[in-house]
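Chemist: Kindly generate the corresponding structure for this input.
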Amino acid sequence: MRVITGTARGRKLQTPAGTAVRPTSDMVKEAVFSIVQFEVEGALVLDLFAGSGQMGIEALSRGARSCVFVDNAKDSLAAVRENLRHCNLTANAKVVAGDAIVFLRDYRGEPFDIAFLDPPYAKGLLPAALIALSEHMTPSGVVLCETDRDTALPETAGNLMFKKQYRYGQTKIVQYRIRESM
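Modeler: Numbers count the residues shown, from 1 in each chain. Prediction:
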């Protein structure tokens, strides 16, 4: 697993050992960044359920202003921190240890332009996370959720509305936008 492009292009990223973290494939990551290619520069990004942090790190490498990484697993948080250090991207990153829903409930910072959500599959975490996140997105914000291809997600979640979905083998990417910007 490597950073695809930008200032950290080609840098290898660590993944926590075991099966708890399921890294996004390079093909899917490239597709996701094709969707937001003109929105990354200068964006405030959220990598929720960060795992190794590869999505937020890719965004930082491509010119995002900053990224908040949230995960509750110690191994994942250690991997995110090491990957940020290895890619020289720590200055623009904040790593938060904790539950994603609690983080969103308590968040009082600037709204996000882009959010990546990739929770453990089949745990049913996305609907609640989407609703909680909807209050923390800019009016033109985009949310990209990674799920398995059989997971059904809601048409709306708070202020978010389903925009489009993409399938890549057994992986599905679902795009949401704030209702007013549609």
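
Chemist: For this protein, which strand extends over the most residues?
Modeler: Looking across the chain with DSSP state E, the single longest strand is strand 137-148.

Chemist: from the chain's centre, how far out does that strand sit?
Modeler: Put simply, strand 137-148 sits 8 Å off its chain's centre (CA atoms, centre = their mean, to the nearest Å).

Chemist: quick one: contacts for D71?
Modeler: F49, A50, G51, L77, V80, V96, A97, A100 (CB atoms under 8 Å, 6 or more residues apart in numbering). For glycine as for every other residue, the C-beta is placed from the backbone atoms N, C-alpha and C.

Chemist: rerun that using 7 Å as the cut-off
Modeler: Contact analysis of D71 by CB atoms under 7 Å, 6 or more residues apart in numbering lists F49, A50, G51, L77, V80.

Chemist: Would you mark the buried spots in the host helix or strand of the fourth one?
Modeler: When secondary structure is defined using DSSP states H and E, the element that contains L77 is helix 74-86. Of the residues in helix 74-86, those scored as buried under the neighbour-count criterion (16 or more other CB atoms under 10 Å) are D75, S76, L77, A79, V80, R81, N83, L84, H86.

Chemist: how about the nearest residue to the last one, chain neighbours excluded?
Modeler: Setting aside the residues directly before and after it, H86 is nearest to R11 in space (CB to CB, 6 or more residues apart in numbering), at 6.1 Å.
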